[in-house]
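Participant: Can you look at this prediction? I've put the sequence above it.
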Amino acid sequence: MKAALHRGVGLAMATVALLVAMPVQAIDGPRVVMAPPAGKPPDLFAAEADFCRSEADSVTSTEPQGPTIVSSAVVGTVLGAAVGSVFSRRRHDRTAAGAVTGLIVGTASGANRSAVNEAHEQQRYDAAYEQCMLAKGNVSPRFAYRQAAPVIYAAAPPPPPTRSTSPPPNTPPPPALPTSAPVR
């Protein structure tokens, strides 16, 4: 039992080491499309794009996310060990299992937080780049004016016929059904 837990702790520690060693995905560039207006020279557009990339770089931070993963893993390990020991009848059996579980959950939480932070930084970069390019007079296809399709009005269809349960006024009664002689 203890050997399996020690292997689990070793596997969890190796997972944390791999996650920390993974490089943080740097922002490669804008993920928005910009186009020059009609008549703007391509070299001027390229120079403006380079300038706006450097402006967007200055807006975003490129702090490494490794400490976030490590701190979440450490906190998860401590909390997992505490919960494992509190809820176990034999303390030496559940403490290690709680620590391993806390380590895994804490590492996953830190990795998730890191991914969310990276996505947020990319959005900030894209917004800064797009604002800069729009200020320089370039256009974004997202904001291109589209003429609305003409509205065509058609006459409403006539209402469906109503079904009435009573006969129209002055209608004679239906003919009587033939009666048969009573059976004796």
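Facilitator: Cool, the structure landed.

Participant: which secondary element of the protein has the worst mean pLDDT?
Facilitator: helix 2-21 (a mean of 54; mean pLDDT, DSSP states H and E).

Participant: Which residue ranges of the protein form strands?
Facilitator: Counting by DSSP state E, no segments of the chain form strands.

Participant: where does this protein have low pLDDT?
Facilitator: The chain contains residues with pLDDT under 70 at 1-26, 61-70, 72-73, 76-99, 143-147, 164, 180-184.

Participant: go with 50
Facilitator: Where the chain drops to pLDDT under 50, the residues are 1, 4-5.

Participant: The lengthiest helix in it packs against which elements?
Facilitator: Counting by DSSP state H, the longest helix found in the chain is helix 91-135. Contacts defined by 3 or more Cβ pairs under 8 Å, 6 or more residues apart in numbering; DSSP states H and E place helix 91-135 against helix 2-21, helix 42-59, helix 66-86. For the C-beta atoms, the positions are set from N, CA and C on the backbone; glycine is no exception.

Participant: pretty sure residue 30 contacts residue 130?
Facilitator: Yes: when contacts are counted by Cβ atoms under 8 Å, residue 30 is listed as touching residue 130 (7.3 Å).

Participant: number of nearby residues for residue 124?
Facilitator: Number of residues near residue 124 (other Cβ atoms under 10 Å) recorded here: 15.

Participant: Could you list which residues are in contact with the closest residue to it other than its chain neighbours?
Facilitator: Leaving out its chain neighbours, the residue that sits closest to residue 124 by Cβ to Cβ, 6 or more residues apart in numbering is residue 60, at 5.3 Å. Listed by Cβ atoms under 8 Å, 6 or more residues apart in numbering, the contact set of residue 60 reads 27, 121, 124, 125, 128.

Participant: Buried ones among the residues you listed?
Facilitator: Among the contacts of residue 60, the ones that count as buried by 16 or more other Cβ atoms under 10 Å are 27, 121, 125, 128.
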